[in-house]
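Undergrad: predicted structure and sequence below. I'll ask about it afterward.
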Amino acid sequence: MTDIGFMWDTFLTLLTGVPLTLELAVTSILAGSILALAISLLAVTGGAMGRNIAGAYVFVFRGSPLLVQMFLIYYGLGQFRHGLQDLGLWWFFREPYWCAVLALTLNTAAYCSEIFRGGLRAVSSQEIEAARACGMSGVLLFRRIILPIAIRHALPAYGNEIILMLKATALASVITIMEVTGLAGKLIADSFRAFEIFIVAGAIYLAINFIVTRMLLLIEFWLSPHMRMRLQS
């Protein structure tokens, strides 16, 4: 029989790991999005060499498991401690938090770069020509016309990637980070009650993802004037 009191205590304990889970997700998503935008621009405007470099990056990080990437960064690079100390980078790679952020960032950048590349390709030449006819060019054209339209096209797929990254933060528990899943594993080791604990952990992830999906729908609505006009009419 389910012990409601135990599940409530578990909920309160796991709730303390939510800030770290969100911090991991937000940091890696923001950093990964910046890197992904650079990679997608390289693929679109960098010619044959740019496409090859971007394609190689995407192939490596999208084609290998995130868990393996996290192990390689945290445990693998730890074997080169002296070299990293000489480069002044050991302070970064000795911390499991930063290793998790780096692995999540590099992984999501590979997926998001393809999403952004598709969004940039979806901007029609007629829209670009219309903007140029109004006197826009260069950075202004990209900032006012190309980027907003590309974001609108890419947002549904990008939203899916955000949800996937929120769930992927659970893998950080394998390198000793005590976020929601890490705390759940510790509670299971102490109580041997995996079913109730994972039910509560799953409910927390569902609640977070529900809030995120509502926020993404609001952003998509805000970026789509035709949807607002249809609602007003």
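TA: Noted; the coordinates are in hand.

Undergrad: tell me which helix or strand of the chain sits lowest on mean pLDDT?
TA: helix 225-232 (a mean of 57; mean pLDDT, DSSP states H and E).

Undergrad: so residue 35 sits right up against residue 109, yeah?
TA: Yes - assessed by CB atoms under 8 Å, residue 35 is found in contact with residue 109 at 4.0 Å. C-beta here means a position set from N, CA and C on the backbone, and glycine is covered the same way.

Undergrad: the chain: helices as residue ranges?
TA: All helices of the chain, identified by DSSP state H, fall at 4-15, 18-45, 47-63, 66-71, 81-86, 90-93, 96-121, 125-133, 138-141, 147-168, 180-191, 194-222, 225-232.

Undergrad: right, and those - which one's nearest residue 174?
TA: helix 66-71 (6.9 Å; CB to CB).

Undergrad: may I see the buried residues of the closest one?
TA: The neighbour-count check on helix 66-71 (16 or more other CB atoms under 10 Å) flags 66, 69-71 as buried.

Undergrad: next: stretch 158-174.
TA: 158-159, 161-163, 165-166, 168-174.

Undergrad: quick one: distance of it to the chain centre.
TA: 6 Å (CA atoms, centre = their mean, to the nearest Å).

Undergrad: quick one: average pLDDT of it?
TA: Per-residue pLDDT over stretch 158-174 has a mean of 93.

Undergrad: alpha carbons of that stretch, as PDB, please.
TA: Taking C-alpha atoms only, stretch 158-174 is exported to PDB below (Å, rounded to 0.1, in the frame of the first residue of the first chain):
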ATOM      1  CA  TYR A 158      13.400  24.300 -30.300                       C
ATOM      2  CA  GLY A 159      10.700  23.900 -27.600                       C
ATOM      3  CA  ASN A 160      11.000  20.100 -27.800                       C
ATOM      4  CA  GLU A 161      14.800  20.400 -27.400                       C
ATOM      5  CA  ILE A 162      14.300  22.500 -24.300                       C
ATOM      6  CA  ILE A 163      12.100  19.800 -22.800                       C
ATOM      7  CA  LEU A 164      14.600  17.100 -23.700                       C
ATOM      8  CA  MET A 165      17.400  19.000 -22.100                       C
ATOM      9  CA  LEU A 166      15.400  19.500 -18.900                       C
ATOM     10  CA  LYS A 167      15.000  15.700 -18.700                       C
ATOM     11  CA  ALA A 168      18.600  15.200 -19.700                       C
ATOM     12  CA  THR A 169      19.800  17.000 -16.600                       C
ATOM     13  CA  ALA A 170      18.900  13.700 -14.800                       C
ATOM     14  CA  LEU A 171      22.100  12.200 -16.300                       C
ATOM     15  CA  ALA A 172      24.100  14.600 -14.200                       C
ATOM     16  CA  SER A 173      23.400  12.400 -11.200                       C
ATOM     17  CA  VAL A 174      25.900   9.800 -12.600                       C
END
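
Undergrad: ok, back up a step: for residue 35 and residue 109, indicate the residue with more neighbours.
TA: Using other CB atoms under 10 Å as the criterion, residue 35 and residue 109 rank with residue 109 on top: 27 against 18.

Undergrad: what's the residue closest to the geometric middle of this protein?
TA: What sits nearest the mean C-alpha location of the chain, by CA atoms, centre = their mean, is residue 29, with 3.6 Å.

Undergrad: show me the contacts for the nearest residue to that one once chain neighbours are set aside.
TA: Among residues not flanking residue 29 along the chain, residue 165 sits closest, at 5.5 Å (CB to CB, 6 or more residues apart in numbering). The neighbourhood of residue 165, defined by CB atoms under 8 Å, 6 or more residues apart in numbering, consists of 25, 28-29, 32, 104, 108.
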